[in-house]
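> Build me a model:
(chains A, B, C and D)
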There are 2 protein chains.
Amino acid sequence: MLNDSHLPDPAPLFAALGDRTRLSLLTKLSDGQTRSIAGLSSDAQITRQAVTKHLKVLEDAGLVISTKVGRESHFAFRPEPIKDIRAYLDGVSRQWDDALERLRVFVER
Amino acid sequence: MLNDSHLPDPAPLFAALGDRTRLSLLTKLSDGQTRSIAGLSSDAQITRQAVTKHLKVLEDAGLVISTKVGRESHFAFRPEPIKDIRAYLDGVSRQWDDALERLRVFVER
DNA sequence: ATTTAAAGCAACCAGGAGGTTGCATAATGT
DNA sequence: ACATTATGCAACCTCCTGGTTGCTTTAAAT
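Here you go, the predicted model:
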């Protein structure tokens, strides 16, 4: 049995990624450049305040980090949680592959 | 620039994974065994009807497939979408790594 | 034939998510 | 000094989500 009781719950992380706007913000930031809220809002269809809320969600999930620079908040991408969920998905895939392999061995005997 | 305009929007897929109950259902099913709604509901803290709703979300996301067997609905894991989101995350990670590499080259010259 | 078990369906409810407007505050630019 | 820009904060609104209860239908078990 796949036992994930020792892992932190990845659901909130997936939830943070489960929004088009947030994915788009993340994609922009994943080019390594740091951006202000105004910079991230300029080409969005929603208000600056809505973007701020999305950035808060991303930051709470650890996907982004912000630092104050003068009157601006500069946001940067944080890749660590991405690694975490890839590891989680690897676990799920592995359990599946193992199940298939057991079935194959059973059928072929 | 990372261009994801040709890809199907992965946000709904992430959203489907963004719930503890659904992740737990998926984890159970990823062992390769097929299960009825009653079987999946028995050790859950919520009602059978709530489980049914979660299964519908998972099925809409393609993460699970159901077939009727007599009066029962049997659910099975579908690994394909997992591969899709891993590919998506690989793209994000790659863009990030490339950015770091460019920075390194720039700094070291 | 009757009872029991599995599932579908609909109505309802509370709370959260995503968005807005409006206003205040604090740096920057001129 | 004054005007402008970037952000923060709060109130509000609507719709969706995750959950419930209650009832019906259908298959299986006795």
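
> got the residues of chain A near DNA strand C?
Those residues of chain A that sit near DNA strand C, judged by C-beta under 7 Å from any atom of the strand, are A:18-19, A:21, A:45-47, A:49-50, A:53-54, A:57, A:69-71. For every residue, glycine as well, the C-beta is placed using N, CA and C.

> Weed out the non-buried ones from those residues.
With neighbours counted by 16 or more other C-beta atoms under 10 Å in any protein chain shown, these contain buried members at A:18-19, A:21, A:54, A:57.

> Just name the closest of those residues to DNA strand D, please.
Relative to DNA strand D, the closest of these is A:Gly18; by C-beta to the nearest atom of the strand it sits at 9.1 Å.

> From A:Arg78, how far out is the closest one?
Counting by C-beta to C-beta, to the nearest Å, the gap from A:Gly18 to A:Arg78 is 18 Å.

> mind listing the strands for chain A?
Under the criterion DSSP state E, chain A carries strands at the ranges A:35-36, A:64-69, A:72-77.

> circling back: quick check: the farthest pair among the residues of chain A next to DNA strand C?
Greatest spacing in the residues of chain A next to DNA strand C, by C-beta to C-beta: A:Gly18 and A:Gly70 (33.2 Å).

> and stretch A:61-72, which residues are buried?
When burial is assessed from 16+ other C-beta under 10 Å, stretch A:61-72 yields the following buried residues: A:61, A:63-64, A:66.

> what's the answer for stretch A:13-28, then?
Across stretch A:13-28, burial judged by 16+ other C-beta under 10 Å covers A:13-19, A:21-28.

> just stretch A:25-39 next, same as before
By neighbour count with 16+ other C-beta under 10 Å, stretch A:25-39 contains the buried residues A:25-30, A:32, A:35-37.

> nearest to B:Trp96, of those?
Out of those, the one with the shortest distance to B:Trp96 is A:Ser30. That distance is 4.9 Å, counting by C-beta to C-beta.

> Dihedrals phi and psi, that closest one?
In this entry, A:Ser30 is assigned phi and psi values of phi -70, psi 0 (degrees, to the nearest 10).

> Quick one: the helices in chain A, in order.
Here chain A has its helices, by DSSP state H, at A:11-17, A:20-29, A:37-41, A:48-60, A:80-108.

> Turn those helices into CSV, columns for distance to B:Leu103.
As requested, the helices of chain A are arranged in CSV below (distance: least, C-beta to C-beta, whole Å):
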stretch, distance to B:Leu103
helix A:11-17, 25
helix A:20-29, 15
helix A:37-41, 19
helix A:48-60, 22
helix A:80-108, 18
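
> can you put the ones you listed in TSV and add mean pLDDT and distance to DNA strand D?
Compiled in TSV, these are given as follows (pLDDT from 0 to 100; distance: least, C-beta to the nearest atom of the strand, whole Å):
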stretch	mean pLDDT	distance to DNA strand D
helix A:11-17	98	8
helix A:20-29	97	12
helix A:37-41	98	3
helix A:48-60	98	4
helix A:80-108	94	17
